[in-house]
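Q: Provided below for reference: sequence and predicted model.
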Amino acid sequence: MTGVRSVALPMYLSNRQAVLSLWDVVRTRLMETGCTGVPQALDWPDDLLAHWRDPQLLLSQTCGYPLTHALAETVQLVGVFRYDAPGCEGIFCRSQLVARAEHTGRTLADFRGMRVAFNSDDSQSGYNALRAAVAPLSQGGRFFGDLIATGSHAASMAAVQDGRADLAAIDCVTLAGLQRNLPQTVAGLCTIGQTQAYPGLPLITGPSTSAAELQALQRVLAALVRDPAAAGVLAELGITGFQTVPLHTYEVCVEMRLQAQALGYPELA
C-alpha cells in the first residue's frame, strides 16, 4: 500500500493520553517491520461507521455487534485485546448493569416498568447484551417503561445519575476505566448485576490490507505485553495481552439477538 493509512483507537477514552502513548509504541514497532503508510497521529473520527468502512483503514477498534452486522464482510479481523477488569475472562467481557445507589440490592427483574438508557442500538455492550438479559423477563415484547438513546456509555451513566433513566448496561472495561480515571462519572452509582459474557472489542483492518501487513499487525500487538516501552501504558489502560481469534468467535453476538427474538423481544422496549 502507498499513502498514509487511517488509524484510530476510539472506544476506551477515559485516559486519552494513554491511548496516544500506546499508539506511539505500536507505530514505532510497525515501522520497524517495514509496514508502509503508518500515520504519525491517530484519527478521532466523528462518524465511526464511515471510519471503519474506510478501505484504507490500517487499524481500528470496533464493537462486536457491528462486526457481525454493518461491517460483515467489509473488514478483516486482526484480533482482540485482553483486559484486567471486573467482568473480564480472557478475551471475554460482560456489561455491568448500572443503577443509582438507592437501588442497591435490586435485581434486573425489579426494573420492570422503569427507564433505561442505552448508547446506541448497534452496541453489543449497551444494547444487544442487555436485550438478551431482559428478554426472558419481558411480557408481550415489553419490559421497560421508557427508553433514552444517549450516544455514549458516559452519557448513559449521566442519565442514570441525574434521574432521567434508572438503568444502563455499561461495558465492564469502560466502567473500570471511568472508575480509575474519571470517578465523578460513577459517583452515586452501583451495579445490580451483569450480562452474559461476549467477546471483547475487535481490532480490525480494511480490505486493502495485505496478508503480510495483517500478520505484521498481529505480531506487533502480540509482542506488546513483553515490550518494556509499553509496560506503563498497558497498565494504565488495563490491557494484559492480545489474542488472534477466528471471526466466528463473534457469532455469540448474533446468537444473543436471535435468542431475544425467539422470546418475542426483538428490541429494547
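A: That came through fine.
Q: next secondary structure element downstream of the lengthiest helix in the chain?
A: Ranked by residue count and defined by DSSP state H, the top helix of the chain is helix 16-32. Read in the C-terminal direction, the helix or strand following helix 16-32 is helix 48-52, with elements assigned using DSSP states H and E.
Q: CA atoms only for that following helix, dumped as PDB, please.
A: Only the C-alpha atoms of helix 48-52 are listed here, as PDB (Å, rounded to 0.1, in the frame of the first residue of the first chain):
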ATOM      1  CA  LEU A  48     -17.300   5.800  13.300                       C
ATOM      2  CA  LEU A  49     -19.100   3.600  10.800                       C
ATOM      3  CA  ALA A  50     -17.600   5.600   7.900                       C
ATOM      4  CA  HIS A  51     -14.200   5.300   9.500                       C
ATOM      5  CA  TRP A  52     -14.500   1.600  10.000                       C
END
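Q: so for that helix, what gets flagged as buried?
A: 48, 51-52 (16 or more other C-beta atoms under 10 Å). Using the backbone N, CA and C atoms, a C-beta is placed for each residue, glycine as well.
Q: also stretch 210-222?
A: Using 16+ other C-beta under 10 Å as the burial criterion, the residues of stretch 210-222 that qualify are 213-214, 216-218, 220-221.
Q: quick one: buried residues of stretch 85-93?
A: For stretch 85-93, using 16+ other C-beta under 10 Å, the buried residues are 85, 87-88, 91-93.
Q: quick one: the strands in the stretch 51-200 of the chain?
A: 57-61, 76-83, 92-93, 95-100, 115-118, 146-149, 167-171, 189-194, 198-199 (DSSP state E, counting those that start in this stretch).
Q: for residue 229, find the nearest of the ones you listed.
A: Evaluated over the strands of the stretch 51-200 of the chain, closeness to residue 229 peaks at strand 76-83, with 16.9 Å, by C-beta to C-beta.
Q: now that closest one: average pLDDT?
A: Per-residue pLDDT over strand 76-83 has a mean of 98.
Q: what of stretch 118-132?
A: 97.
Q: go on, stretch 157-177?
A: When pLDDT is averaged over stretch 157-177, the result is 98.
Q: same deal with stretch 142-153?
A: In this model, stretch 142-153 carries a mean pLDDT of 97.
Q: who's in contact with it?
A: Where contact means C-beta atoms under 8 Å, 6 or more residues apart in numbering, the residues beyond stretch 142-153 that reach it are 111-121, 125-126, 134, 137, 156, 158-159, 164-165, 168, 170-171, 174-175, 178, 265, 268-269.
Q: of those residues, buried ones?
A: Neighbour-count burial (16+ other C-beta under 10 Å) applied to the contacts of stretch 142-153 gives 111, 114-120, 125-126, 134, 156, 158-159, 165, 168, 170-171, 174-175, 178, 265, 268-269.
Q: out of those residues, list just those in helices.
A: Among these, the subset assigned to helices under DSSP H consists of 134, 156, 158-159, 174-175, 178.
Q: quick one: stretch 260-269 to chain centroid distance?
A: In terms of C-alpha atoms, centre = their mean, to the nearest Å, the centre of stretch 260-269 is set 22 Å apart from its chain centre.
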